[in-house]
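In: what follows is a predicted structure for the sequence shown.
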Amino acid sequence: MDPLISYVLLLGTLGFFGYVGYTAAAEREMDSDTYLSARGSQSWLQIGLSLFASGMGIWILFGPSEVGYYGGFWDVVGYALSSATPFMLLAYVGPMIRERLPYGVTLADYVSMRLGRPMQVYVGLISVLYMFTFLFAEFTAIGKAMDTLAGMDPLVPMVAVAAVTAAYTAYGGLPASLQTDRWQAWMILWLVIALLLILFGADFGTLIEDAKAYNPEDEWSIGSMSYMDSFRSGLALVVAITAAEMFSQGNWQRAWASESDEALRKGAFLAAGLALPLVFVMGVLGTVVAGQGAVGDPSAAFFYLIEDAGILLIAAFIVLAVALVCSSTDTLQNAVVASISRDIANGSMQLGQARIATIAMIPIAIYLATTIDALSVFEIFLFADLLAAATVAPVLLTLWDKVSSKGALLGAVAGLLSVVAYGAATADLATGIGYLTSPTNEWGLANLEVFLSAVIGSAVVTVAGSYAMPDEVV
């Protein structure tokens, strides 16, 4: 593609989203609460589209197809389910938490009310680690996508996307992000449907045959929809990603932005219903690539299917890539600031300071996006996932009135100790300690037993500790 056309599409799409975000904020009075929560302002359709758009970052062009390339049927199913289960869990627990804390912004606000300040800070730190890793991974992905699609220097789209999203998010906060989400959601849906129809319409029978076939050249690639022995790794993805996404504060901001509990429920189910089939199909396309043979970069497996596409298809993918990355990065920027402001700074950050923080995080994210390799990003994600898996049960169990602050804190610590105990019991103490920073199996994938030990251990100790050390009745 002509480089000039690529730059016009990139800057034109960014300019449109920048205008939408700016006008959304200019139309309303802005204070700190509106900036971080947009409280009670969104219908179920608006919430559903926003949750879908903010959750479907540019990772969907890379992650599902790579999982499909290396895994099999259950890995693809697990990845698809893990994109939907956080929304379904939010639909169930979100209204309960809203009822107990009508004026919250983040999950850690509720944690502070139930478990005290130390646990709020801990949950806030986990949230910031997970979301910031997600943020710079998205910048890395847009650079890689634009390089693949248009031969563009990766740093150019990284800086352009970061500058535009930070500008309208710093100015308009969550209201700006919500408004752009609606446009991005419709663009993503229609572009993906059109592009998939083109791909599947070309030769559907051959695509299905390739999806069922085993990779004839790459021994590390099981990638076949006929392979049914990857249930454990598929389930591990569901456990790890669902736990981590509970600490993605963008979802919780939208819980309080909902105009009612019913709007939150219906919106969350809408987001789950849109995300699951999209991620599943993208995963299947990864197995199609695997069935055709080895590729140089499995993380870009999906792009091998469109490498000979015409200029119109490439142009559509450039617009899609920009819409995907904007939909997630503006959410993450505002959510990171919300968590720092409410959870770590204990609500002391003023509106002006929140805006400065939104801008200030961008150079750090760009630096990390250009210096940390893909393997290290995966390892950071897994570490954050494990911290979340060890903490999610103590947090959600607070919906049961008998859980105490000491019991929950002890449970979160016990979740990590359970991982060490599992490693020591199955191998040795060094292995158990190693699982804390690298919770993977011999194939380098998420280790199901490690994540289950964190969840189960933390839940059991939280319940037992709460009975043994109940909170004092005031």
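Out: Alright, I've got the coordinates.

In: what domains does the record give for the protein?
Out: 3-372, 374-474 (automatic domain parsing).

In: deepest-packed of those domains, please.
Out: domain 3-372 (a mean of 21; mean count of other Cβ atoms under 10 Å). C-beta here means a position set from N, CA and C on the backbone, and glycine is covered the same way.

In: first vs last residue of that domain, how far apart are they?
Out: Domain 3-372 has its terminal residues 27 Å apart, counting by Cα to Cα, to the nearest Å.

In: what mean pLDDT does the lengthiest helix in the chain have?
Out: In the chain, with assignment by DSSP state H, the single longest helix is helix 155-202. Average pLDDT, helix 155-202: 89.

In: other SSEs contacting it?
Out: In this structure, helix 155-202 packs against helix 3-26, helix 32-37, helix 44-55, helix 117-150, helix 249-257, helix 261-292, helix 311-339, helix 351-371, with contacts taken as 3 or more Cβ pairs under 8 Å, 6 or more residues apart in numbering; DSSP states H and E.

In: now those helices as TSV including distance to Phe381?
Out: Shown next, in TSV, are those (distance: least, Cβ to Cβ, whole Å):
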stretch	distance to Phe381
helix 3-26	26
helix 32-37	25
helix 44-55	15
helix 117-150	6
helix 249-257	16
helix 261-292	16
helix 311-339	13
helix 351-371	13
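
In: relative to Glu442, which of those is closest?
Out: helix 261-292 (20.2 Å; Cβ to Cβ).

In: what angle do the closest one and helix 249-257 make?
Out: If you take axes from the mean of the first three to the mean of the last three Cα atoms, to 10 degrees, helix 261-292 sits at 150 degrees to helix 249-257.

In: and helix 261-292, what does it pack onto?
Out: Under the contact rule (3+ Cβ pairs under 8 Å, 6+ apart), helix 261-292 is packed against helix 44-55, helix 63-70, helix 73-100, helix 155-202, helix 204-212, helix 249-257.

In: what lies in contact with the shortest one?
Out: Just to be clear, that refers to helix 63-70. Residues outside helix 63-70 that contact it (Cβ atoms under 8 Å, 6 or more residues apart in numbering): 75-76, 79-80, 215, 220-223, 237, 279-280, 282-290, 295, 298-299, 301-302.

In: just the fifth one next, same as before
Out: With Cβ under 8 Å, 6+ apart as the contact definition, helix 204-212 has outside contacts at 199-200, 224-226, 284, 287-289, 291-292.

In: please apply the same query to stretch 248-255.
Out: Contact with stretch 248-255 is made by 36-38, 42, 47, 50-51, 54-55, 86-87, 90, 94, 97-98, 104-108, 127, 130-131, 134, 174, 178, 245, 264, 267, 331-332, 334-336, 338-339, as judged by Cβ under 8 Å, 6+ apart.

In: need the helices and strands packed on helix 261-292 in a markdown table (columns: distance to Ile241).
Out: Formatted as a markdown table, the helices and strands packed on helix 261-292 follow (distance: least, Cβ to Cβ, whole Å):
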| stretch | distance to Ile241 |
| --- | --- |
| helix 44-55 | 11 |
| helix 63-70 | 10 |
| helix 73-100 | 4 |
| helix 155-202 | 20 |
| helix 204-212 | 23 |
| helix 249-257 | 13 |
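
In: closest to Leu436 out of these?
Out: Of all those, helix 73-100 comes closest under Cβ to Cβ, at 21.7 Å.

In: what packs against the closest one?
Out: helix 44-55, helix 63-70, helix 107-115, helix 231-245, helix 249-257, helix 261-292.

In: closest one to Leu397 among these?
Out: The nearest among the helices and strands packed on helix 73-100, by Cβ to Cβ, is helix 107-115 at 9.8 Å.

In: centre of the chain to that closest one, how far?
Out: 22 Å (Cα atoms, centre = their mean, to the nearest Å).
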